[in-house]
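Asks: pasted the sequence and its predicted model underneath.
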Amino acid sequence: MANKENTDPARMEKIVSLCKRRGFVYQSGELYGGLNGCWDYGPLGAELKRNVKEMWWRRNVQERDDVLGMDGAILTLSEILTASGHVGGFSDPMCDCLLTKARLRADQIEPQSGTAYHYTGASHAESGWSVERPFSVLLNKPNQDENKARKTAREFYAQFLSDKSLSPKKLELQGETTSEESETTRYNPDNGSLLTEAREFNLMFQTRRGASADENDPSAITYLRPETAQTIFVQYKNVLDSSRIKLPFGIAQIGKAFRNEINPRNFTFRSREFEQMEIEYFCRPEDGMRLTDEWLESRLSWYEEIGIPREKLHILDVPDGERAHYSKKTYDIEYEFPFGIQELEGVAYRTDYDLGKHKEHSGKPLEYFDEETKEKFIPHVVEPSAGCDRTILAVICEAYDEEDLTKEGGKPDVRTVMRFAPSIAPIKAALFPLLKKNAEQVRIAKELQKELQKWMPVQYDDGGAVGRRYRRQDEVGTPFCITVDFETLGEGEGDDAEALKDTVTIRERDSMEQTRVAIDEVLPWLLKRIR
């Protein structure tokens, strides 16, 4: 099994740089310093994301008879989230660094061992200033000594100086003692500073509906949904009645969700605004475990289809005690990101918890009536829930490659290429005239561009040598480059010049092999390879 701690920060840094440079992902609000935990998809990122979502929808809704789609509202009644347990229960333990004020998830701090230096306060003799406040610093790295602890402590106490011109170096520390700490989570791993006691932090974004809503009126409270699942559960009966579908059946939804994460991190992986691709699959109680395994296999196959190989995916069978309280079985599908193995999707058997809670709180009947057996019961639910943005990030990380093409004795030549599956590549084909000054080549290339644009995203490029144009397209993952050249015009040399007339060169991204294809066959040739 792969090591979850195996990381490649240098590779991740290159991927983030490429995403901004080539228009995949930008920091939201970057012009004004950036909005932490929020990201904007650029021209190529928007196309890539749309392709992935369309592929998900096609496989899980369009090509199945037992799954229907819906698109629920983002604003969510507090009553819905009270019934689901989110109001009052959707929180993470948070603590603050006393030195930097950085906020950390208390349950994600790795245990540390070392020597703790404790202080009771600090003073400045010349000004008569003093403060009494306990503070500690943990030293757990080689070549650290008491001077490191004292420097950190002086920086902490300097925050309380009334005269900010005083140097922290001038402060006298009070009451220094030490203790040996083992497997403690009370200190910031980044700087050794003591943390505050953990406290619960509600992850939901709250707002109020109505222009005249009173701030003290609890009935006006509304939330930006923290997950798409609850909108499906509360519309389950309407979908059932309006479509006359029978068990087992699913309701699918792709949509935005919002969580006020304490510490967004790892690029787009953990964000405050994100998109989910979820299915709630309703079934008889006795079928729940079997369907959970079937959905797991279906989801693994889908990831392979979009370019994530099975060997890079890991299945975590979440043990008892670590699953959500409503889950009878949960599989986490994890991927080997450059920052470690992390969850892409959960496939959970939620039993009848959600519909049962909404039946209880709404007072409305949500039972399913089986006409064959004459039974009435609350359906159980299997939930495959994927993070769309995490999937996009996994696809980008998997596609990124640096291919060394250096010839013996030659200059270093490294080709950066995004090896997207053609079905999800943001640009399907690029069209080049060999010479941009050749009017006939330009005409044919642009006519072919207009024909292909009706079927797929393509790009016209006549800047620089053809080799440079290939490299530009490789870097954004374009699977095919089409060149209109002199052979196309019937002006080539050799005995086959006439046979090559009205053909173009198609160069394949991964193999770099080139094929001559008749102009009127280009569209069917491409469609066969990108669908």
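Replies: Thanks, I have the structure now. Numbering: from 1, shown residues only.
Asks: so how far is residue 474 from the most centrally placed residue in the chain?
Replies: By C-alpha atoms, centre = their mean, the chain has its centre lying nearest to residue 390, at 2.2 Å. In this view, residue 390 and residue 474 are 25 Å apart by C-beta to C-beta, to the nearest Å. C-beta coordinates here come from the backbone N, C-alpha and C atoms, glycine included.
Asks: cool, and residue 14?
Replies: Counting by C-beta to C-beta, the gap from residue 14 to residue 474 is 15 Å.
Asks: those two - which one has more neighbours?
Replies: residue 474 (22 against 15; other C-beta atoms under 10 Å).
Asks: does the more buried one touch residue 419 like I think?
Replies: No: Residue 474 is beyond contact range of residue 419, at 9.1 Å (criterion: C-beta atoms under 8 Å).
Asks: need the overlap of contacts for the two.
Replies: residue 509 (C-beta atoms under 8 Å, 6 or more residues apart in numbering).
Asks: which elements pack onto the helix or strand where the residue nearest to the centre of the chain lies?
Replies: Secondary structure assignment for residue 390, by DSSP states H and E: helix 388-399. The helices and strands touching helix 388-399, judged by 3 or more C-beta pairs under 8 Å, 6 or more residues apart in numbering; DSSP states H and E, are helix 9-21, helix 43-57, strand 273-283, strand 329-337, strand 340-351.
Asks: elements contacting the second one?
Replies: In this structure, helix 43-57 packs against strand 249-258, strand 273-283, helix 288-305, helix 388-399, with contacts taken as 3+ C-beta pairs under 8 Å, 6+ apart.
Asks: list the strands paired with the following helix or strand past it, with their directions.
Replies: Using DSSP H and E, the helix or strand that directly follows helix 43-57 along the chain is strand 67-69. According to DSSP bridges, strand 67-69 forms sheet pairs with strand 249-258 (parallel).
Asks: identify each buried residue in the strand it pairs with, please.
Replies: 249, 250, 251, 252, 253, 254, 255, 257, 258 (16 or more other C-beta atoms under 10 Å).
Asks: in this structure, which spans are helices?
Replies: Under the criterion DSSP state H, the chain contains helices at 9-21, 43-57, 78-84, 146-157, 229-243, 288-305, 353-362, 388-399, 439-453, 466-476, 497-500, 522-530.
Asks: for those, which one ends up most surrounded?
Replies: Ranked by mean neighbour count, the helices of the chain are led by helix 388-399 with a mean of 22 (mean count of other C-beta atoms under 10 Å).
Asks: quick check, residue 93 in contact with residue 199.
Replies: Yes: contact criterion C-beta under 8 Å: residue 93 and residue 199 qualify, at 7.0 Å.
Asks: so between the two, which is more surrounded?
Replies: For residue 93 and residue 199, the more surrounded residue by other C-beta under 10 Å is residue 93, and the numbers stand at 16 against 11.
Asks: any idea how far residue 126 is from the closest residue to residue 125 other than its chain neighbours?
Replies: Among residues not flanking residue 125 along the chain, residue 172 sits closest, at 6.7 Å (C-beta to C-beta, 6 or more residues apart in numbering). For residue 172, the distance to residue 126 equals 10 Å [C-beta to C-beta].
Asks: hang on, the earlier thing: any chance of the helices and strands packed on helix 43-57 in CSV, plus distance to residue 158?
Replies: As requested, these are exported to CSV (distance: least, C-beta to C-beta, whole Å):
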stretch, distance to residue 158
strand 249-258, 37
strand 273-283, 37
helix 288-305, 51
helix 388-399, 40
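Asks: with distance to residue 356 and mean pLDDT as added columns, please give the ones you listed in JSON lines.
Replies: Below are the helices and strands packed on helix 43-57 laid out as JSON lines (distance: least, C-beta to C-beta, whole Å; pLDDT from 0 to 100):
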{"stretch": "strand 249-258", "distance to residue 356": "17", "mean pLDDT": "96"}
{"stretch": "strand 273-283", "distance to residue 356": "13", "mean pLDDT": "96"}
{"stretch": "helix 288-305", "distance to residue 356": "14", "mean pLDDT": "96"}
{"stretch": "helix 388-399", "distance to residue 356": "28", "mean pLDDT": "97"}
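Asks: to residue 8, which of the ones you listed lies closest?
Replies: Of all the helices and strands packed on helix 43-57, it is helix 388-399 that lies closest to residue 8, at 9.6 Å by C-beta to C-beta.
Asks: and the angle from the closest one to strand 249-258?
Replies: Helix 388-399 runs at 90 degrees relative to strand 249-258, counting by axes from the mean of the first three to the mean of the last three C-alpha atoms, to 10 degrees.
Asks: for helix 388-399, output the C-alpha coordinates as PDB.
Replies: Provided in PDB are the C-alpha atoms of helix 388-399 (Å, rounded to 0.1, in the frame of the first residue of the first chain):
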ATOM      1  CA  CYS A 388     -16.000  18.000  -8.500                       C
ATOM      2  CA  ASP A 389     -13.100  20.400  -7.800                       C
ATOM      3  CA  ARG A 390     -11.000  17.600  -6.200                       C
ATOM      4  CA  THR A 391     -11.700  15.500  -9.300                       C
ATOM      5  CA  ILE A 392     -10.500  18.300 -11.500                       C
ATOM      6  CA  LEU A 393      -7.300  18.700  -9.400                       C
ATOM      7  CA  ALA A 394      -6.700  15.000  -9.600                       C
ATOM      8  CA  VAL A 395      -7.100  15.000 -13.300                       C
ATOM      9  CA  ILE A 396      -4.700  17.900 -13.600                       C
ATOM     10  CA  CYS A 397      -2.100  16.300 -11.300                       C
ATOM     11  CA  GLU A 398      -2.400  13.000 -13.200                       C
ATOM     12  CA  ALA A 399      -2.100  14.600 -16.600                       C
END
